[in-house]
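> Have a look at this fold, sequence not included:
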């Protein structure tokens, strides 16, 4: 355990630099990492684990009241692990269909970096939205927190503050989606294919994500306490 903690602490400065690099230049970052996939894959695993841990800590106050923190972490890590395996495989398959030749390790390395960035962006966007409601309408925030933490609690009347927060959240999601579309270009460069095949692979991935999401939802339902 001590060795793991020391490794994480040593990696932290690199983590923040890599996060900024992935966020601001995903294609350039992945192109550099692809030069040494063995080292990149290990770094991607550690990067992803830290991203998920940060996102879960941010969301921890809103977990169901009956779920212990340790159980919450275990289930969340398992759930995200399943999601990564399923959707990274879908991404790989979609490019394989259009005759992409990048190695499997390259797909999973890229997907883990992108997943980690998006996971934390969504977590902080949700935190920003909840913070906005808390500052503008504290009674509504208390009711939302009660509804989130206790199954069967009455749903609040969101009103103007809730509507504004929803718009804020949707705008943030649109920005994250735009980033994901830009980042998709990293797979195109890994496979050395043109924009047309990249678009076809993207559409195939979107279609396959529907059954993939259903499969993940069933697994999550079985894992939840």
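Yes, it's here. Predicted model, so just to flag it, every value in this text is computed and none were measured.

> can you tell me the helix or strand for the residue at the greatest distance from the centre of the chain?
Within the chain, residue 139 marks the point farthest from the mean C-alpha position, 30.3 Å out by C-alpha atoms, centre = their mean. Using DSSP states H and E, residue 139 sits within helix 138-149.

> Repeat that for residue 47.
If you go by DSSP H and E, residue 47 is part of helix 37-59.

> re earlier: now the helix holding residue 139, how far from the chain's geometric center?
Distance, stretch centre to chain centre, for helix 138-149: 25 Å (C-alpha atoms, centre = their mean, to the nearest Å).

> Following the chain onward from that helix, which element is next?
Next along the chain after helix 138-149, with elements defined by DSSP H and E, is helix 159-183.

> Which positions in that next one come out as buried?
161, 162, 164, 165, 169, 172, 179, 183 (16 or more other C-beta atoms under 10 Å). Quick note: C-beta positions are derived from backbone N, CA and C, even for glycine.

> ok, and the closest non-adjacent residue to residue 30?
residue 186 (4.0 Å; C-beta to C-beta, 6 or more residues apart in numbering).

> Surely the one you found touches residue 32?
No. Using C-beta atoms under 8 Å, residue 186 makes no contact with residue 32, being 10.7 Å away.

> the more surrounded of these two?
residue 186 (24 against 12; other C-beta atoms under 10 Å).

> And the more buried one, how far from residue 222?
33 Å (C-beta to C-beta, to the nearest Å).

> And the contacts of the helix holding residue 47?
Identification of contacts with helix 37-59 by C-beta atoms under 8 Å, 6 or more residues apart in numbering yields 7-8, 11-12, 14-15, 18-19, 33-34, 72-73, 76-77, 80, 84, 103, 105-106, 108-110, 112-113, 115-117, 119-120, 122-124, 126-127.

> Give me the below-cutoff pLDDT ranges for the protein.
In the predicted model, the chain carries pLDDT under 70 at residues 1-9, 152-161, 224-225.

> Between helix 37-59 and the helix ranked longest in the chain, find me the angle.
Assignment by DSSP state H gives helix 104-136 as the longest helix of the chain. Here the directions of helix 104-136 and helix 37-59 differ by 20 degrees (axes from the mean of the first three to the mean of the last three C-alpha atoms, to 10 degrees).

> Return the set of buried residues in helix 104-136.
For helix 104-136, by 16+ other C-beta under 10 Å, it's 106-126, 129-130, 132-134.

> C-terminal to the helix or strand encompassing residue 11, what's the next element?
For residue 11, the host element (DSSP H and E) is helix 2-24. Note on helix 2-24: by DSSP H and E, the next helix or strand toward the C-terminus is helix 26-33.

> Of all the residues in that following helix, which ones are buried?
When burial is assessed from 16+ other C-beta under 10 Å, helix 26-33 yields the following buried residues: 26, 27, 29, 30, 33.

> same thing with stretch 66-78?
In stretch 66-78, the ones that count as buried by 16+ other C-beta under 10 Å are 67, 72, 73, 75, 76.

> Work out for me the element the third one sits within.
Yep, that's residue 73 we're talking about. Applying DSSP H and E as the criterion places residue 73 in helix 69-97.
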